[in-house]
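# Fold the following, please.
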Amino acid sequence: MKDKFFNYIQRLQDTITSKLEDVDGLAKFKEDIWKRPEGGGGRTRVIENGNVFEKGGVNISGVHGKLPKSMQAYFKVGDVDFFACGLSLVLHPQNPMIPTVHANWRYFEMYNSEGNIVDQWFGGGQDLTPYYLFEDDAIHFHKVCKSACDNHNPEFYPKYKARCDEYFYNSHRNEGRGIGGLFFDYCKASEMMSMQNWYDFVTEVGDSFLEAYMPIVNKRKDLDYTKAQRNWQEIRRGRYVEFNLVHDKGTLFGLKTNGRIESILMSLPPHVQWHYNHLPEVGSEEEKLIKVLKTPISWV
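As a prediction, the model looks like this:
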């Protein structure tokens, strides 16, 4: 399964980066192949200063070795080996009318001293972080997510949508990072779902990413915006940074397994602002967004 999924994310990385370059029309992804001393490595691709994307990364990795002591305590296991692979992407557009997007699809195995698999699971999801709320964009994104889920189990979308709202939440701000999407983790074999079934589900979600996001990019990329709207985008990006550095489990795992720092922190935007006690104007489009982030709603 690990080879099958790793081959899949390599192909998906090629597909997504090619499409993003076509849409941007100026910038190209720069590729960085890296090795992890303890075992494995990855292929980082970063795009910067384009017509559409100010900064973005579409990264894959496959790492293995002894599970660090810090992660043994987290997973409540003893001295085991592990293998983890996944694709992680974040795109920060220039235009504040286009939302930032994040997605991740991953697979994990643990082995005993004889090299036998003692645990394995899939995880992942995709979520949208707008700066200005276009309800038809939110509905489109969630409809694509729901469609991918419904092909496997009608209970998946409401379940994983709720988990996304719960997970991508800045508890220290009492607001969501964005308007959600899907979040699932520890998807293991059961009477209802084999590992092949989970593979089929996760890869369908991965394949749906471009359908979910690119129509929004194409619709909004040529809209005019003001300096004030750009400032608002950078202030909201600060909340994105806060989540990734304070709450994100993927960032924590990468740091504690001696992951590549440049790839782990690729998700951080290049231009960010923090204003003391900044509040949007009452009745403004900015306040409209904050109200939704305070109280998640059902989009489909």
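# pull the helix or strand with minimum mean pLDDT from this structure.
Among the helical and strand segments of the chain, the one scoring lowest on mean pLDDT, DSSP states H and E is helix 249-256, with a mean of 79.
# Just the buried positions in that helix, please.
For helix 249-256, a neighbour-count test (16 or more other C-beta atoms under 10 Å) marks 250, 251, 252, 253, 254 as buried. All C-beta atoms are positioned from the backbone trio N, CA, C, and that covers glycine.
# The last one contacts residue 264, doesn't it?
Meaning residue 254. Yes - counting by C-beta atoms under 8 Å, residue 254 touches residue 264, with 4.1 Å between them.
# where along the stretch 151-300 of the chain do the strands fall?
169-170, 175-176, 180-187 (DSSP state E, counting those that start in this stretch).
# Over to the stretch 1-150 of the chain?
30-35, 40-48, 53-66, 81-93, 100-111, 117-129.
# and the nearest residue to residue 235 once chain neighbours are set aside, what does it touch?
Nearest non-adjacent residue to residue 235, counting by C-beta to C-beta, 6 or more residues apart in numbering: residue 273, 4.9 Å away. Neighbour list for residue 273: 231, 234, 235, 237, 238 [criterion: C-beta atoms under 8 Å, 6 or more residues apart in numbering].
# burial count for residue 19?
15 (other C-beta atoms under 10 Å).
# Find the residue at the geometric middle of the chain.
For the chain, residue 103 is the residue whose C-alpha lies nearest the centre (C-alpha atoms, centre = their mean; 2.7 Å).
# any idea of the pLDDT on the most far-flung residue of the chain relative to its centre?
For the chain, the residue at maximal distance from the C-alpha centroid (C-alpha atoms, centre = their mean) is residue 114, at 34.2 Å. Residue 114 is assigned 88 on the pLDDT scale.
# Next: residue 69.
Looking at residue 69, its pLDDT is 82.
# for the least confident helix or strand of the chain, packing partners?
Where contact means 3 or more C-beta pairs under 8 Å, 6 or more residues apart in numbering; DSSP states H and E, helix 249-256 is packed against helix 69-75, helix 261-264.
# Dump the C-alpha coordinates for it into PDB.
Output in PDB follows, covering the C-alpha atoms of helix 249-256 (Å, rounded to 0.1, in the frame of the first residue of the first chain):
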ATOM      1  CA  LYS A 249      -0.300  18.700  14.100                       C
ATOM      2  CA  GLY A 250       1.400  18.300  10.700                       C
ATOM      3  CA  THR A 251       3.900  21.100  11.600                       C
ATOM      4  CA  LEU A 252       4.500  19.500  15.000                       C
ATOM      5  CA  PHE A 253       5.100  16.000  13.400                       C
ATOM      6  CA  GLY A 254       7.600  17.400  10.900                       C
ATOM      7  CA  LEU A 255       9.500  19.300  13.600                       C
ATOM      8  CA  LYS A 256       9.700  16.400  15.900                       C
END
